[in-house]
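Asks: okay, predicted coordinates and the sequence, questions at the end:
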Amino acid sequence: MNCRCVQSRLAAYLDRELSPNERAAVRAHLSECAECKKEFDEAERIKNAIAGLSSIEPSEQFERRLFEAVHAAAPKSTARETVGWGLAIVPAVAAIAGYLLFVFTRSPEAPVQSVPTSAQSDTLARDQAFDQARNPFSAGTVVSFEGTNGR
Amino acid sequence: MRATATIDRDRDSSGESRVQRFDALMRESYAQAFHLALRLTGRRADAEDLVQESFIRAYRFFHRYDSRLPFPNWLYRIMTNAHIDEMRRRGKLKLASLDETHPETGSAWEIADETHSPDKALMLDQFEVEVQEALLRMTPEFRIAILLSDMEGMSYEEIAEIMKTSIGTVRSRIHRGRKQLRRFLLALRPDKYKEIAQ
């Protein structure tokens, strides 16, 4: 293993993230190469400096403020409620659509048509997209649908 | 309908409600979350805001939490995204490339900003102030990877999961981040940090 390979693996070596074989190869190289050993020592000092940063406690009032803020903010809306209502509405919408379709398309000459599933699947797709847009790991995303905004 | 009532209906076998479970997890983890938030932001007020925002998001989406996984990991994923969102909102994040060096300066450092300097009164000594300053000059992705690894002791796999990236990217961010941190300290106080760079 040459110096370039070793230096690109120093962080992982330091953090014990290499396979046993790679680890052995890096260790062998470090025992012979002063330049790479110097790089390793520097990285280790920086890691220790970060690890040694003092732990600072939040203020005593913070816990109370945090709990109050979280409980106060939650009732505005929850994805659970949104999804719950969304899922409850889907069969209702599908049933109404089916009934209307039945009424308007039925004639003595024509057979009764089956209910199309597109309305239901569209609603589900929109619910899923809305749900994704409310992902807790994102600040929010503009919801868009193919074919409706030119994308 | 209040969300608390909705959540309260879901009780586990022990009769504990989701609200109670969330409160217990929050009580267990908020101090450590604050510690990470403080090092991410460098300021007490910003850290408290970040922790609060993160728990609010976590609370709203608690039904998605997989209790087989460590709660702090899930929370940190929310928190680190909230931190990046906040940095982006402040216009401090270069959107062009998160992992490449800056096209003009050739570095991954953020531009110094007096409004974002660390709370010096909070830090133990001058060394902490300077390390914190160095952390704040880095892009959030580098800062997050280094803090999760070196301060929280997380594996690259956990960090990759939290940051939604590959283990190779995590390895690269930590490797380059440590080198940049060392260079910053050396440039700041050549005599003092000579031993770190020698």
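Replies: It's in.
Asks: got the phi and psi for residue A:17?
Replies: phi -110, psi 10 (degrees, to the nearest 10).
Asks: what pLDDT is listed against it?
Replies: Note for residue A:17: predicted pLDDT of 95.
Asks: skipping adjacent residues, who's closest to it in space?
Replies: Closest residue to residue A:17 apart from its sequence neighbours, by C-beta to C-beta, 6 or more residues apart in numbering or on different chains: residue B:156 at 5.0 Å. In this view, the C-beta of every residue, glycine as well, is placed from N, C-alpha and C.
Asks: count of residues packed around that neighbour?
Replies: Number of residues near residue B:156 (other C-beta atoms under 10 Å in any protein chain shown) recorded here: 23.
Asks: relative to residue B:129, how far out is it?
Replies: Noted for residue B:156: a distance of 29 Å to residue B:129, by C-beta to C-beta, to the nearest Å.
Asks: equivalent analysis for residue A:102, please.
Replies: 74 Å.
Asks: tell me which of the two has more neighbours.
Replies: residue B:129 (18 against 13).
Asks: per-residue pLDDT, that one?
Replies: 86.
Asks: pretty sure residue A:40 contacts residue A:9?
Replies: No. Residue A:40 is not in contact with residue A:9 according to C-beta atoms under 8 Å; the separation is 10.1 Å.
Asks: surely residue B:48 and residue A:62 touch.
Replies: Yes. Judged on C-beta under 8 Å, residue B:48 makes contact with residue A:62 at a distance of 5.9 Å.
Asks: any idea which helix or strand comes after the helix or strand bottoming out on mean pLDDT in chain B?
Replies: The helix or strand of chain B with the poorest confidence is helix B:3-8; it has a mean of 43 (mean pLDDT, DSSP states H and E). Going down the chain from helix B:3-8, the next helix or strand is helix B:18-41, by DSSP states H and E.
Asks: buried ones in that next one?
Replies: Buried residues in helix B:18-41, counted by 16 or more other C-beta atoms under 10 Å in any protein chain shown: B:18-19, B:21-23, B:25-26, B:29-30, B:33-41.
Asks: so which elements touch the helix or strand following that helix?
Replies: The helix or strand immediately downstream of helix B:18-41 is helix B:44-60, counting by DSSP H and E. Applying 3 or more C-beta pairs under 8 Å, 6 or more residues apart in numbering or on different chains; DSSP states H and E, one finds that helix B:44-60 contacts helix A:60-73, helix B:18-41, helix B:71-89.
Asks: list residues touching both of residue B:48 and residue A:62?
Replies: residue B:34 (C-beta atoms under 8 Å, 6 or more residues apart in numbering or on different chains).
Asks: more neighbours: which of those two?
Replies: residue B:48 (21 against 18).
Asks: what residues are up against that one?
Replies: Taking C-beta under 8 Å, 6+ apart as the test, what residue B:48 contacts is A:58, A:59, A:62, A:65, A:66, B:34, B:37.
Asks: turn those residues into a markdown table, including pLDDT.
Replies: Below are those laid out as a markdown table (pLDDT from 0 to 100):
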| residue | pLDDT |
| --- | --- |
| A:58 | 88 |
| A:59 | 86 |
| A:62 | 93 |
| A:65 | 93 |
| A:66 | 94 |
| B:34 | 95 |
| B:37 | 95 |
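Asks: and the furthest pair within these?
Replies: Within the contacts of residue B:48, A:65 and B:37 form the most distant pair, 14.2 Å apart (C-beta to C-beta).
Asks: domains for chain A, by residue range?
Replies: A:3-51, A:77-151 (automatic domain parsing).
Asks: skipping adjacent residues, who's closest to residue A:15 in space?
Replies: Per C-beta to C-beta, 6+ apart, closest to residue A:15 is residue B:149, 6.2 Å.
Asks: any regions of chain B where pLDDT drops low?
Replies: B:1-15, B:92-124, B:194-198 (pLDDT under 70).
Asks: how deep is residue 49 tucked in, by neighbour count?
Replies: Assuming you mean chain A. Residue A:49 has 21 nearby residues by other C-beta under 10 Å.
Asks: my question was about chain B
Replies: By the criterion of other C-beta under 10 Å, residue B:49 has 16 neighbours.
Asks: sorry, back to before: out of the domains of chain A, which gets the lowest mean score?
Replies: Minimum mean pLDDT among these: domain A:77-151, a mean of 53.
Asks: check what pLDDT the nearest residue to residue B:27 once chain neighbours are set aside gets.
Replies: Spatially, and ignoring its direct neighbours in sequence, residue B:27 is nearest to residue A:63 (7.5 Å; C-beta to C-beta, 6+ apart). pLDDT recorded at residue A:63 is 92.
Asks: where do the helices of chain A begin and end?
Replies: A:3-8, A:10-14, A:20-30, A:34-51, A:60-73, A:79-105, A:118-133 (DSSP state H).
Asks: one step back: the residue nearest to residue A:15: what's it in contact with?
Replies: A:15, A:47, B:156, B:159, B:170, B:174.
Asks: among those residues, name the ones in strands.
Replies: Among these, no member falls in strands (DSSP state E).
Asks: closest to residue B:142 out of those residues?
Replies: Closest to residue B:142, out of all of these and judged by C-beta to C-beta, is residue B:174, at 8.2 Å.
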